[in-house]
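Trainee: Structure for this input, please:
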Amino acid sequence: MRRQKTKPPARRNRYILYARKSTTSEDRQVASIESQIEVMQEVAREHDLQVVKVLSEASSGYHPGRKVFNEMIEMIKRGEADGIIAWKLSRVSRNPDDAGTIMGMVQRAEIKHIRTVDRNWFPEDNVMMMYVEFGINNQYSKDLSTDTVRGLVKKAERGWFPIATLPLGYKHIQYKRLGEDEIIPDENSFYLVQKGLKLVATKQMTPVEAHEYLVGLGLNGKRGKPLAPSTWYSILVHPLYSGSFEYPFESGNVYESKAQKAITPEEYDSIQVVLGRKTKPRPKKHFLPYTGLMVCGECSCSITAEKKKKVQKNGNMHRYIYYRCTKKKGKCSQSAIRVEDLESQFVDLLGSLKVPQAFHEWALDEIKLDQEKQVEDRSMSIERARRSYDACLKELDNLVAKYLEGKVPEDYYQRSLAKLEKEKATRYKVLTAIDERVDERFEELDQDLGFAVTASQSFANGDDYKRREIISNLGSNLLLADKTLDIDLREPLEIVQKMAKDVQVAAERFTPLENIDNSANFREYLSENPAMGGIPDSNRRPSVPQTDALTN
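Mentor: Here you go, the predicted model:
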C-alpha cells in the first residue's frame, strides 16, 4: 500500500512589534512607547501571534527616513518576518511615502498581516479603508498648521478680524452662540476712542490735542497704563474703526467688518488727510477671490491681485484682473497671470478629481462593510482594555486601603501610587483610543468624495466667494511659478485623483449609471477591480486598461 503524502504544517507568521512616539506635539496624547509595547504584547498573546522582534523609536512619523522603520521594512523584505504588530496605523506612518511602502507590500503579500489594537489588515482585504486611514493620519499632521490658517481666513470671510489682540476699543466675546457677534465694543474704551477719532475727523482737535484730551479723560492702553502716543497714531490709521480690515497684512485682501463702527468711511478718509496720508487712501473693498491663497514659487512672497483697464482708440474700455507676486523680498522674475488663465488651471485640476455619484455611493458602502467586519474585533479589544483598566483601579484601591491600615510604608506607597496613576492614565488612553475617529473617518470620506463629485460643477456655476471656498479646500502649498499652479492636494483628494481617471473610463462603459442594471454592473466592476482593492474573479469579463492608480 502506497503511503499517502501529507502536507507539512503551515508555518506560523512571524511578527515585528513596532512602537513609535513622536518627540513633538504631534503625538502629545498618544500612549508611551512602553505602554504600546505592553498592550500589543498582550494582543499578540491573546491571538497567538509569534513576535520575533520588538522595535521602537522616538521619531516623528510625518517625515520619511526613520531609521528603525527602515530596519523593519528591510527585515520583512529579507524574509525575517511576515507581519507587523502596532498600536495604530498612525504609529507606522503619518507620511505618504512610508504609507505607500506599507500598502504596496501588503498588496503584494510581502506583508501578510498587520495587527493593530482594534483590527486586522490582510492582502486580500479591500485597500480602500487602509488608504483612508493612512490618508487621515498624514492629513492630521499637515493640518496642524494649515487648519489654523484656513480657519483664520474663514473667520475673515465671515467679517471678523482674525487676530488674538484686537485694536483698543474692541474685544472678543468669550462665550458666544451660533450666529452671534464674535467681536464687540469694549465699554471701557470704545466710546472714548470713538470720541477722539471724531474730534480729529471734524478738525476740532489736532491728533496731539486729541491724545492729551483722551488721556485726561482716563483712557488707558491694553496694559492699564495711560494711552501711549504711538498707540494713538496706530488707532488713527486702523481701518477697522471705519468698518474694514486687511487680512493677511499687506496681502491686499480687504474684508468688510461686522464689528460696530466707531466712525464712517468718510471720517476715516478725513483723518488720513489730516495725517498727510493722501497717497494712502482707505483700501477699496473689492473682493478678489484668490488673494491670500497662493505664494510665489520663486521668492515665496504672497500672490496678490490688481485690476487694470485699457481704453482703446475707439473709446471701448476693457477691464482685466491679474494675479502677481508682491515682490516684497526684492527682485523676482515672475510675471503676472490673467485670472482667466489661472481659473483655467483650477478647472483642469477639479476635472482631474471628478468621480460619478455612483462611485461615491459604492465607496461608502465598502467602508460600511469593512467597519461591520471589524465590530467583533473592536468589541474584543474594548473588553480587553476595560478589564485591564478595571484591574488597575482595583490595584489602586488595594494600595490605598493597605496604606490607611498601616501595612505599607510611606515611601513604598508614594512610589507605587505614582506608578499606578501613570498606568491608569495609559490604560484609559488605550481604552478611549480604540474606537476613536471611526465615525469621523466615515464622515470625512463622505465629505471628500462628495466634494470630488460636485466641485467641478460648483466652481463653474459659483460666485467668487464659492470659488474661493472650493480652492481653499483643495489642499496646501499653492505655488505659482512661470504662470503654472502647483498644489499639495489633501491626502484623501490625492487618492481620489489617482483613481478618478480609471473610474471615469469605467463609468463610460456603464452609461447611463442612472439605469439600475448599469449601476449594479458598475458597482460589481469596482468591487472586482484590483486597482480599487477588490479580489478579481477568475471568470471576470475583460476590463478597461488600468494604470495601477492605487499602487503607484
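Trainee: Could I get the buried residue list for stretch 258-276?
Mentor: 259, 261-263, 267-272, 274 (16 or more other Cβ atoms under 10 Å). Glycine gets a C-beta too; all of them are placed from N, C-alpha and C.
Trainee: which among those residues gets closest to Cys296?
Mentor: Nearest to Cys296 among the buried residues of stretch 258-276, counting by Cβ to Cβ, is Gln272 at 30.1 Å.
Trainee: What helix or strand is the closest one located in?
Mentor: Assigning secondary structure by DSSP states H and E places Gln272 in helix 265-274.
Trainee: what packs against that helix?
Mentor: When contacts are defined as 3 or more Cβ pairs under 8 Å, 6 or more residues apart in numbering; DSSP states H and E, helix 265-274 packs onto helix 190-201, helix 229-237.
Trainee: Looking at these, which one is packed in the most?
Mentor: For these, the largest average neighbour count (mean count of other Cβ atoms under 10 Å) is found in helix 190-201, namely a mean of 20.
Trainee: State the mean pLDDT of the helix or strand following that helix.
Mentor: The C-terminal neighbour of helix 190-201 among helices and strands, as given by DSSP H and E, is helix 207-216. For helix 207-216, mean pLDDT is 91.
Trainee: start at 37 instead
Mentor: Got it, first residue is 37 now, which makes that one helix 243-252.
Trainee: and helix 243-252 with helix 226-237, angle?
Mentor: With axes from the mean of the first three to the mean of the last three Cα atoms, to 10 degrees defining the directions, helix 243-252 sits at 160 degrees from helix 226-237.
Trainee: Which positions within helix 243-252 qualify as buried?
Mentor: 243, 246-247, 249-251.
Trainee: Next: stretch 503-516.
Mentor: Applying a neighbour-count criterion of 16+ other Cβ under 10 Å, one finds 503-508, 510-512, 514-516 buried in stretch 503-516.
Trainee: Using CSV, write out the CA atom coordinates for it.
Mentor: What follows is stretch 503-516, C-alpha atoms only, in CSV (Å, rounded to 0.1, in the frame of the first residue of the first chain):
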residue,chain,number,x,y,z
ARG,A,503,-14.9,79.6,-5.9
ARG,A,504,-12.5,80.7,-3.2
GLU,A,505,-14.1,78.3,-0.8
ILE,A,506,-13.6,75.4,-3.2
ILE,A,507,-9.9,76.2,-4.0
SER,A,508,-9.1,76.7,-0.3
ASN,A,509,-10.4,73.2,0.4
LEU,A,510,-8.2,71.6,-2.2
GLY,A,511,-5.0,71.4,-0.1
SER,A,512,-2.0,73.4,0.9
ASN,A,513,1.2,75.0,-0.5
LEU,A,514,-0.4,76.6,-3.6
LEU,A,515,2.7,77.8,-5.5
LEU,A,516,2.5,79.9,-8.7
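Trainee: Following the chain onward from the least confident helix or strand in the chain by mean pLDDT, which element is next?
Mentor: Sorted by mean pLDDT, DSSP states H and E, the helices and strands of the chain end with helix 164-193, the least confident at a mean of 60. Later in the chain than helix 164-193, the nearest helix or strand by DSSP H and E is strand 206-208.
Trainee: Please tell me how far that next one is from the chain's geometric centre.
Mentor: How far strand 206-208 lies from its chain's middle: 28 Å, per Cα atoms, centre = their mean, to the nearest Å.
Trainee: tell me the mean pLDDT over that strand?
Mentor: Strand 206-208 comes out at a mean pLDDT of 89.
Trainee: Adjacent strands (with direction) for it?
Mentor: strand 219-221 (antiparallel) (DSSP bridges).
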